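Trainee: no FASTA, just this:
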Ligand SMILES: Nc1ncnc2c1ncn2[C@@H]1O[C@H](COP(=O)(O)OP(=O)(O)OP(=O)(O)O)[C@@H](O)[C@H]1O
Ligand SMILES: [Mg+2]
């Protein structure tokens, strides 16, 4: 609200200032005609001012009471209407559930808003009544001054014009002043939020990481998510060197994705250190780290942009399609892209006129090509082939192996056969590394890896 209201605040302030100038001029004339007129007139608009401020407060309170319901309603609307989940919503009979909540939330919001109406009306009525009484007093005062000859008739006539002008300007001052006050309530919230966010944000240094990244070392790294009792990653020590391909395996929730976030400095360790070329990530400018990183996260974005931007996003704009096609080739997508109505220029947003849609595995290939296009010193792929066919999977892994010499490569995977390409496999259990070694060692090691491998073959 703070953000969306800021531009309204500027307009309101402009109107407030212009009304203020008008009011000062008109009131100057009025006080010159007779000193009694001005205090009377101010009394006449004061109740309206007080009323407007009180109404703004009520409005803000109602907004506050409704804000979480509004947010949930907004989410419900998105889940109910986004084409991405339309199949699931329809085929699993979720429409009535979503509609039920949309209706219930709307009714609750309406009820709260209506419940506040009598309060707003009472304030408006009291302000109008009081203002009316004082205004009548002003006109009566002016009539009394004229009738008793305290001011000449010509001056009284001028005073009528001045009173009307001053009244209009005063009302504008009050209305716009209250609007500025209303917005200031939201801006105060925004300031509190920003200060809070700044206080929580980890302090980072300014050292710049530059390619090549020869070594990444984790030294007793521990990280616990806020509100969680147990750390997601605990006491992990690890050294990664340029040219190595490391596979990370382990059961769901064992901390693999969290480890990738710690290595890339998306999160800073609670305890221990992550060192890039010997520099602690806590003392490093994160942008310099991320310019050396290519990441395919487990849940990746399907950008509603053209194919080309889906490959190049995050890199400087290019007019040269050769490297884009190289990245597309690397994930075996050339044929699929060429079949699209406008090749690299095809908009990948089904909800927009002229947009096309890819299959799940094709999207995943595109996410991989995005990371490969960056030619990063650190390449991390978190379950990159979970939706791919066997050919796609083989292509990606042989490609990863082919370009591994220049970089550090980390692949998280549940397909244990894929870990054959890795120079080293790291097995995670409950946030800790419990085994390390090559495929041949671990598959006969009698540990979790061997157990998971046996399970994957025992179908
Ligand atoms: N954003 C988050 N906020 C709070 N807890 C989280 C968050 N992400 C993960 N966790 C918790 O941290 C633990 C490790 O999660 P993580 O995603 O690292 O596991 P994972 O090994 O990648 O699992 P998977 O194989 O399912 O991808 C889990 O217990 C999970 O509940
Ligand atoms: Mg994960």
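Mentor: Good, I have the coordinates. The structure presented is a predicted model; accordingly, all values stated were derived computationally and were not measured. Numbers count the residues shown, from 1 in each chain. Ligands and ions are numbered 1, 2, ... in the order given.

Trainee: Shouldn't residue 411 be within a helix?
Mentor: No - going by DSSP: H, G, I helix; E, B strand; the rest coil, the assignment for residue 411 is strand, not a helix.

Trainee: can you tell me which residues contact it?
Mentor: Neighbouring residues of residue 411 by Cβ atoms under 8 Å, 6 or more residues apart in numbering: 245-248, 380-381, 384, 397, 400, 418-419, 422. To be clear about C-beta, it is placed using only N, CA and C from the backbone, and glycine gets the same treatment.

Trainee: can you pick the most crowded of these?
Mentor: Counting neighbours by other Cβ atoms under 10 Å, residue 384 comes out on top of the contacts of residue 411 with 28 neighbours.

Trainee: Dihedrals phi and psi, that residue?
Mentor: phi -70, psi -20 (degrees, to the nearest 10).

Trainee: Just the helices from the protein, written as ranges.
Mentor: Under the criterion DSSP state H, helices of the chain are mapped to 2-33, 37-81, 86-91, 95-147, 153-200, 256-263, 286-290, 307-312, 322-330, 334-339, 360-373, 390-402, 439-443, 448-457.

Trainee: what's around residue 262, how many residues?
Mentor: Per other Cβ under 10 Å, the neighbour tally for residue 262 reads 23.

Trainee: My guess is it contacts residue 218. True?
Mentor: Yes - Residue 262 lies in contact with residue 218 (Cβ atoms under 8 Å); the separation is 7.3 Å.

Trainee: what touches both of those two?
Mentor: Contact criterion Cβ under 8 Å, 6+ apart; residues bridging residue 262 and residue 218 by contacting each: residue 274.

Trainee: Out of the contacts of residue 411, flag the one nearest to ligand 1.
Mentor: residue 248 (8.2 Å; Cβ to the nearest ligand atom).

Trainee: Run through the bridge partners of the closest one.
Mentor: Residue 248 forms beta bridges with residue 412, residue 426, as assigned by DSSP bridges.

Trainee: which residues touch it?
Mentor: Under the criterion of Cβ under 8 Å, 6+ apart, the neighbours of residue 248 are 256, 259-260, 410-413, 425-426, 428.

Trainee: Any of the residues you listed buried? List them.
Mentor: 256, 259-260, 410-413, 425-426, 428 (16 or more other Cβ atoms under 10 Å).

Trainee: what subset of those residues is also close to ligand 1?
Mentor: Near ligand 1, taking Cβ under 6 Å from any ligand atom as the test, the members of the buried ones among the contacts of residue 248 found are residue 256.

Trainee: Can you tell me which of the buried ones among the contacts of residue 248 is nearest ligand 2?
Mentor: residue 256 (5.0 Å; Cβ to the ion).

Trainee: And the residue of the stretch 51-200 of the chain closest to ligand 2?
Mentor: residue 84 (20.7 Å).

Trainee: which residues touch that residue?
Mentor: Listed by Cβ under 8 Å, 6+ apart, the contact partners of residue 84 are residue 302.

Trainee: Over to residue 450?
Mentor: Under the criterion of Cβ under 8 Å, 6+ apart, the contact partners of residue 450 comprise 442-444.

Trainee: I'd like these written out as TSV, with distance to ligand 2 added.
Mentor: TSV is the format used below for these (distance: Cβ to the ion, whole Å):
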residue	distance to ligand 2
442	20
443	22
444	27
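
Trainee: Please pick the buried ones from the residues you listed.
Mentor: The neighbour-count criterion (16+ other Cβ under 10 Å) marks 442-443 among the contacts of residue 450 as buried.

Trainee: Tell me the one of the contacts of residue 450 nearest residue 278?
Mentor: Of all the contacts of residue 450, residue 442 has the smallest distance to residue 278: 29.7 Å, by Cβ to Cβ.

Trainee: Once you drop chain neighbours, what's closest to that closest one?
Mentor: Nearest residue to residue 442, sequence neighbours excluded (Cβ to Cβ, 6 or more residues apart in numbering): residue 449, at 4.0 Å.

Trainee: show me the contacts for that neighbour.
Mentor: Remark: with contacts taken as Cβ under 8 Å, 6+ apart, residue 449 is in contact with 249, 416, 425, 427, 435, 442-443.

Trainee: Equivalent analysis for residue 204, please.
Mentor: Residues in contact with residue 204, defined by Cβ under 8 Å, 6+ apart, are 268, 281-286.

Trainee: could you flag which of these are buried?
Mentor: Counted by 16+ other Cβ under 10 Å, the contacts of residue 204 give 268, 281-282, 284-286 as buried.

Trainee: out of these, who's nearest ligand 1?
Mentor: Distances from ligand 1 to the buried ones among the contacts of residue 204, taken as Cβ to the nearest ligand atom, are shortest for residue 268 (14.6 Å).

Trainee: Quick check on the closest one: phi, psi?
Mentor: Backbone dihedrals for residue 268, given as degrees, to the nearest 10, come out at phi -100, psi 150.

Trainee: my read: it touches residue 284, true?
Mentor: No - the criterion here is Cβ under 8 Å, and residue 268 misses it with residue 284 at 10.0 Å.

Trainee: Give me the domain ranges for the chain.
Mentor: Using automatic domain parsing, the domain ranges for the chain come out as 2-200, 215-457.

Trainee: which of the ones you listed is buried the deepest?
Mentor: domain 215-457 (a mean of 18; mean count of other Cβ atoms under 10 Å).
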